[in-house]
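# One predicted model, sequence on top.
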Amino acid sequence: MDDLTHTQEPTETPLQPEAHSSSESGFEEALREQNINTMIEIYGEEYAEKLDRLTK
């Protein structure tokens with residue numbers, strides 16, 4: 001029977017992202033807004049009220 005307790009090789013550290021350019025930041029902001037709007041569409045005004053309470 002094979003030994004199933006393999007030693008795990010160390011994983012490489014992921015590269016840290018460089019500073020975001022303004023266009024990347026704008027894209028991320030637009031995506032965030034789109035995600036919020038989609039959640040409001042799906043879950044309705046109850047989600048909007050919860051979001052409003054969380055951001056105050």
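Happy to help now that I have it. Residues are numbered from 1 along each chain as shown.
# Any figure for the gap between residue 31 and residue 42?
Note on residue 31: its distance to residue 42, by Cβ to Cβ, to the nearest Å, is 16 Å. C-betas here are computed from N, CA, C, even on glycine.
# Correction: the previous question concerned residue 26.
25 Å.
# So between the two, which is more surrounded?
Between residue 26 and residue 42, residue 26 has the larger neighbour count (other Cβ atoms under 10 Å), namely 11 against 8.
# give me the element that one is part of.
Counting by DSSP states H and E, the element that carries residue 26 is helix 22-43.
# Now do that helix, average pLDDT.
In this model, helix 22-43 has an average pLDDT of 89.
# From the contact counts, what lies against the one helix or strand residue 49 maps to?
Assigned by DSSP H and E, residue 49 falls within helix 45-54. Helix 45-54 makes packing contacts with helix 22-43 when contacts are defined by 3 or more Cβ pairs under 8 Å, 6 or more residues apart in numbering; DSSP states H and E.
# helices or strands next to the helix it packs on in the packing?
For helix 22-43, the packing partners by 3+ Cβ pairs under 8 Å, 6+ apart come out as helix 45-54.
# Identify the residues contacting the helix it packs on?
Under the contact criterion Cβ atoms under 8 Å, 6 or more residues apart in numbering, helix 45-54 has outside partners 36, 39, 40.
# Out of those residues, flag the one nearest to residue 55.
Distance to residue 55 across the contacts of helix 45-54 (Cβ to Cβ) is lowest for residue 36, with 10.2 Å.
# The nearest residue to the closest one once chain neighbours are set aside: how many residues sit nearby?
For residue 36, ignoring the flanking residues on the chain, the nearest one in space by Cβ to Cβ, 6 or more residues apart in numbering is residue 51 at 6.8 Å. Neighbourhood size, residue 51 [other Cβ under 10 Å]: 14.
# Now do residue 51 against residue 37, distance only.
Taking Cβ to Cβ, one finds residue 51 at 11 Å from residue 37.
# Residue 25 too?
Distance, residue 25 to residue 37, by Cβ to Cβ: 19 Å.
# ok, now residue 50?
Distance of residue 50 to residue 37, given as Cβ to Cβ: 15 Å.
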